[in-house]
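Trainee: Sequence first, predicted coordinates after that:
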Amino acid sequence: MQKPNKRLAGQTCIVTGANSGIGEAVAIAMGRDGANVVVNYISHPEVAEDIAHKISEDSICGDAMAIKCDVSKEDQVLSMFKQTIDHFGTVDICVPNAGLQRDAAMHQMPLEAWQMVIDVNLTGQFLCAREAIREFLRRGMRPEVSKSLGKIIQMSSVHQIIPWAGHANYAASKGGINMLMESICQEYGPQKVRCNSIAPGAIKTPINKSAWDTPGALKELNKLIPYKRIGIPEDIGSAAVWLASDESEYINGTTIFVDGGMTCYPGFTTNG
């Protein structure tokens with residue numbers, strides 16, 4: 001773990017899907033760097049509250065609170081932002097991370113499975129990004145805390161560019177996130193809004209436990225990773241904090257792949 005510092009002091013960050021896996025690591029990393037943090041969750045409130053308590057205890061200058069919200073529901077997203085602004089005053093950083101999988105072969109995929117993944121993974125990111133932009137524009141610049149009007153860090157996947165048989169809904173949602181992110185950059189960059197994406201590769205989280213939980217599965221997975229190790233959530237947390245800080249101020253409309261080289265298609269090292 002990196003040592004705490006004050007790169008995000010005085011700023012408030014909403015992280016959706018923050019009570020496990022990547023979202024939890026991002027929320028903890030934001031608090032470690034001094035931000036106030038909203039730990040969003042949809043289930044297991046006791047876990048979210050524990051994470052918020054940990055962030056509040058460990059933060060050098062920030063605080064944290066847990067808020068329940070289904071990001072696919074507009075009224076709940078509006079309520080989450082209102083609660084955040086009422087409590088912390090504004091929102092400076094938004095990390096729409098909440099996502100899920102409902103896997104099936106394309107010819108067997110029910111509409112409900114398609115719709116749920118699109119609703120959470122893509123529409124949820126739209127709703128959170130939209131409300132963040134509205135708050136950035138309402139509040140105006142705060143040069144004492146950031147060179148940017150606001151920062152949106154969308155959570156994508158290597159599957160925004162790598163097709164994934166049996167996961168068409170998931171891959172389509174992540175491809176959509178890429179275009180959403182670039183469109184936000186193009187539209188709101190002139191107002192000093194920065195919108196970027198992080199595209200994780202294989203990360204050791206509960207959602208993909210079957211892919212890494214045994215030595216045999218891990219060996220097969222590492223064949224897809226030139227760096228020969230699976231990622232951990234903290235790898236994503238570190239990237240997210242850097243993108244939220246002024247250290248990355250001139251980076252906008254970009255996807256950072258945190259994947260150990262997975263998008264370099266290591267299967268072709270011997271001519272395919």
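Mentor: Cool, the structure landed. Numbers count the residues shown, from 1 in each chain.
Trainee: what are the ranges of the helices in the stretch 101-250 of the chain?
Mentor: Along the stretch 101-250 of the chain, counting by DSSP state H, counting those that start in this stretch, helices occupy 111-118, 124-139, 168-188, 215-222, 233-244.
Trainee: weakest of these in terms of mean pLDDT?
Mentor: Between the helices of the stretch 101-250 of the chain, the one with the least mean pLDDT is helix 215-222; it has a mean of 88.
Trainee: CA atoms of that helix as CSV?
Mentor: The C-alpha trace of helix 215-222 is given here as CSV (Å, rounded to 0.1, in the frame of the first residue of the first chain):
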residue,chain,number,x,y,z
PRO,A,215,-3.6,-23.4,-9.3
GLY,A,216,-4.9,-25.0,-12.6
ALA,A,217,-7.3,-22.1,-13.3
LEU,A,218,-4.7,-19.5,-12.5
LYS,A,219,-2.1,-21.1,-14.8
GLU,A,220,-4.5,-21.0,-17.7
LEU,A,221,-5.4,-17.4,-16.9
ASN,A,222,-1.8,-16.4,-16.8
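Trainee: how about that helix: buried residues?
Mentor: Within helix 215-222, the residues that qualify as buried by neighbour count (16 or more other C-beta atoms under 10 Å) are L221, N222. For glycine as for every other residue, the C-beta is placed from the backbone atoms N, C-alpha and C.
Trainee: For it, give me every contacting residue.
Mentor: A202, S210, A211, W212, K228, R229, I230 (C-beta atoms under 8 Å, 6 or more residues apart in numbering).
Trainee: Tell me which two of the residues you listed sit farthest apart.
Mentor: S210 and K228 (19.9 Å; C-beta to C-beta).
Trainee: Excluding sequence neighbours, find me the nearest residue to C69.
Mentor: M80 (4.1 Å; C-beta to C-beta, 6 or more residues apart in numbering).
Trainee: so what's that neighbour up against?
Mentor: Counting by C-beta under 8 Å, 6+ apart, the residues that M80 touches are I14, V38, N40, I67, C69.
Trainee: Could you point out the helix or strand that follows the helix or strand where it lies?
Mentor: Under the criterion of DSSP states H and E, M80 resides in helix 74-88. Once the chain leaves helix 74-88, the next helix or strand it forms, by DSSP H and E, is strand 93-95.
Trainee: hang on, the earlier thing: what about the helix holding M80, distance to the chain center?
Mentor: Helix 74-88 has its C-alpha centroid displaced from the chain centroid by 18 Å (C-alpha atoms, centre = their mean, to the nearest Å).
Trainee: can you check stretch 120-133 too?
Mentor: 11 Å.
Trainee: Please identify the buried residues of that stretch?
Mentor: 120-133.
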